[in-house]
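**Q** Dropping the sequence and predicted coords here.
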Amino acid sequence: MSILTIIILSGVSLVAGFIDSIAGGGGLLTIPAFILAGVPPQMALGTNKFQATLGTSVATINFFHKGKISIKIVLSGIVFALAGAFIGSRLIISFSPELAGRIIVFMLPIGMVATLFPRKNITGQRTLTNSDLFVKIPLICLIIGFYDGFFGPGTGSFLTILFYLFLHLNLTEANANAKVFNFISNLGALTAFLISSKVFFQIAIPMALTNMIGNYIGSHLAIKKGDKLIKFFLIIVLVILSITLIYKYFIR
């Protein structure tokens, strides 16, 4: 692969990392870029997981240092996110993601409506219940972790919305905790892709570096600007994701 192509892909990864740290959905940029550069689809997914995993780790660390991450939530869902992502990745290596993509298309309008009409009384300070810790969080992490391993783009957006709706966190805290699980599910998925030798390291390493820079910048802005910035990017990402998936699974 030419140096110019690697430079272009690294630039795309920088922008994707910025978007990912704020609202998720950076894969909407990187995966099509991989395909256009001639990377086989499954190799594109694996390479994307490598650079996204390292990039997301930067945002996760930043949110943790700023006190935006709940240890209870993380401990409650970590195993389920890892398991779901690993299983999803193993399946996508041998099966088509068509059905999953169509299901996601139908789920997106619900997420957008929920984001456009937020609950006014959400403060993010409520006490987590046993139902939250032992039912809601494990289920959310298992399902979205599976989706992340199976396909990927929009994982951060879905996690943010579900934490916002079902755990009643404000968008800043929902986004911060979503970033942890996005990182965890990336790890689970990356493990499966590495086992199957589906990572193109020649482009994965430089893209990972620029993705980390994008995540660092974006996570700082998310903490500083709060809910309004996250909501703005979340809606944009969901609209783009809707259009992309409708074209991919219903038109093409």
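**A** Ah, there it is. Numbering: from 1, shown residues only.

**Q** Residue 21 contacts residue 223, doesn't it?
**A** No - Residue 21 lies out of contact with residue 223 (CB atoms under 8 Å); the separation is 9.9 Å. C-beta here means a position set from N, CA and C on the backbone, and glycine is covered the same way.

**Q** So between these two, which is more surrounded?
**A** Taking neighbours as other CB atoms under 10 Å, residue 21 and residue 223 compare with residue 21 leading, 33 against 20.

**Q** Apart from its chain neighbours, what residue comes closest to the more buried one?
**A** Of all residues not flanking residue 21 in the chain, residue 218 sits nearest, at 3.3 Å (CB to CB, 6 or more residues apart in numbering).

**Q** Same question for the helix or strand in which residue 91 is found: list its buried residues.
**A** Element membership for residue 91 (DSSP states H and E) is helix 71-92. Of the residues in helix 71-92, those buried by neighbour count under the rule 16 or more other CB atoms under 10 Å are 73-74, 76-78, 80-92.

**Q** Flag the shaky bits of the chain, pLDDT-wise.
**A** In the predicted model, the chain carries pLDDT under 70 at residues 97-98, 100-101, 104-105, 107-108, 110-126, 227, 241, 249, 252.

**Q** Helices along that one, start to end?
**A** Using DSSP state H, the helices of the chain run over 3-22, 27-36, 41-65, 71-92, 98-116, 130-131, 137-150, 155-166, 171-195, 201-225, 227-246.

**Q** What are the buried residues along the last one?
**A** Which is helix 227-246. Buried residues in helix 227-246, counting neighbours by 16+ other CB under 10 Å, are found at 227, 229-231, 233-235, 237-238, 240-242, 244-245.

**Q** same deal with the third one?
**A** Taking 16+ other CB under 10 Å as the basis for neighbour counts, the residues of helix 41-65 that come out buried are 43-63.

**Q** elements contacting that helix?
**A** In terms of contacts (3 or more CB pairs under 8 Å, 6 or more residues apart in numbering; DSSP states H and E), helix 41-65 is packed against helix 3-22, helix 27-36, helix 71-92, helix 171-195, helix 201-225.

**Q** could you dump those helices to a markdown table with distance to residue 137?
**A** Supplementary listing: the helices and strands packed on helix 41-65 in a markdown table, determined by distance: least, CB to CB, whole Å:
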| stretch | distance to residue 137 |
| --- | --- |
| helix 3-22 | 21 |
| helix 27-36 | 23 |
| helix 71-92 | 4 |
| helix 171-195 | 9 |
| helix 201-225 | 21 |
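
**Q** do you know which of those helices lies nearest residue 149?
**A** helix 71-92 (2.8 Å; CB to CB).

**Q** what does the closest one contact?
**A** For helix 71-92, the surrounding residues in contact (CB atoms under 8 Å, 6 or more residues apart in numbering) are 42, 45, 49, 128, 132-134, 137-151, 163, 167, 177, 180-181, 184-193.

**Q** Over to stretch 184-201?
**A** For stretch 184-201, contacts defined as CB under 8 Å, 6+ apart pick out 39, 42-43, 45-47, 49-50, 52-53, 56, 77-78, 81-86, 88-90, 93, 141, 144-145, 148-149, 152, 155.

**Q** Keeping just the C-alphas, turn that stretch into CSV.
**A** This file holds the C-alpha atoms of stretch 184-201, laid out as CSV (Å, rounded to 0.1, in the frame of the first residue of the first chain):
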residue,chain,number,x,y,z
ILE,A,184,-14.0,-3.2,26.3
SER,A,185,-16.1,-4.5,23.4
ASN,A,186,-13.4,-3.4,20.9
LEU,A,187,-10.9,-5.5,22.9
GLY,A,188,-13.2,-8.6,22.8
ALA,A,189,-13.7,-8.1,19.0
LEU,A,190,-10.1,-7.4,18.3
THR,A,191,-9.1,-10.7,20.0
ALA,A,192,-11.3,-12.6,17.7
PHE,A,193,-9.9,-10.8,14.6
LEU,A,194,-6.3,-11.3,15.7
ILE,A,195,-6.9,-15.0,16.2
SER,A,196,-8.1,-15.2,12.6
SER,A,197,-5.3,-13.0,11.3
LYS,A,198,-7.7,-10.3,10.1
VAL,A,199,-5.6,-7.2,11.0
PHE,A,200,-3.6,-5.3,8.4
PHE,A,201,-0.8,-3.9,10.6
